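Asks: Whatever this is, show me its structure:
(one chain, ligands or ions: 1)
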Amino acid sequence: MATNKPLPAVTLETAPYWDAARRHELHIQRCAACGQHQFYPRIYCAQCFSNRVEWIKASGRAKVTTFTIVRRPVSPAFADDVPYVVALVTLAEGPTMMTNIVGCAPEKVAIGMPVEVTFEDWTEEISIPKFKPA
Ligand code: ZN
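Replies: Purely as a prediction, here's the structure:
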């Protein structure tokens, strides 16, 4: 497997997320002090500042909060992908993620549409969570 796309930098905070994504599981953080779920990964809770954040497997269910259709590639690496959908989806657990909606024509995507996570394997180490119609 190989890709010409820019790869995410795996850091101490994000390594558990990418490890789970490689197994095609979507993991997010939950604060053991206040119960808040959060994404993106942080070393503390963005709500109560506790450092007791733990990783959980998310349901993978979400709804489209807003989206746009990209028709001009932002770089040559994405030239073969246009048109594609960049969306903010709100996970069933609460946090919002920026992602792509795949598995349907861009014109079919709508705000409020139920979606579920799916994964694209870009390299042996990096699988990218995306969302498809549920
Ligand atoms: Zn908290």
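Asks: Close to the ion: what parts of this protein are there?
Replies: Counting by Cβ under 5 Å from the ion, the chain comes close to the ion at 31, 33-34, 36, 45, 47-48, 50. The C-beta positions use only the backbone N, C-alpha and C, and glycine is treated the same way.
Asks: Select only the buried ones of these in PyMOL?
Replies: Burial among the residues of the chain next to the ion is assessed by 16 or more other Cβ atoms under 10 Å; the matching PyMOL selection reads:
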select buried, resi 31+36+45
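Asks: Could you pull out the buried residues of stretch 123-134?
Replies: For stretch 123-134, by 16+ other Cβ under 10 Å, it's 126-131.
Asks: hey, which strand is longest across the chain?
Replies: Assignment by DSSP state E gives strand 61-70 as the longest strand of the chain.
Asks: then the helix or strand just after that one to PDB, C-alphas only?
Replies: Next in sequence after strand 61-70, counting helices and strands by DSSP states H and E, comes strand 84-91. What follows is strand 84-91, C-alpha atoms only, in PDB (Å, rounded to 0.1, in the frame of the first residue of the first chain):
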ATOM      1  CA  TYR A  84     -15.600  15.100  -3.000                       C
ATOM      2  CA  VAL A  85     -17.400  16.100   0.100                       C
ATOM      3  CA  VAL A  86     -15.700  17.700   3.200                       C
ATOM      4  CA  ALA A  87     -18.100  17.600   6.100                       C
ATOM      5  CA  LEU A  88     -18.400  18.300   9.800                       C
ATOM      6  CA  VAL A  89     -20.200  15.300  11.400                       C
ATOM      7  CA  THR A  90     -21.500  15.200  14.900                       C
ATOM      8  CA  LEU A  91     -20.800  11.800  16.500                       C
END
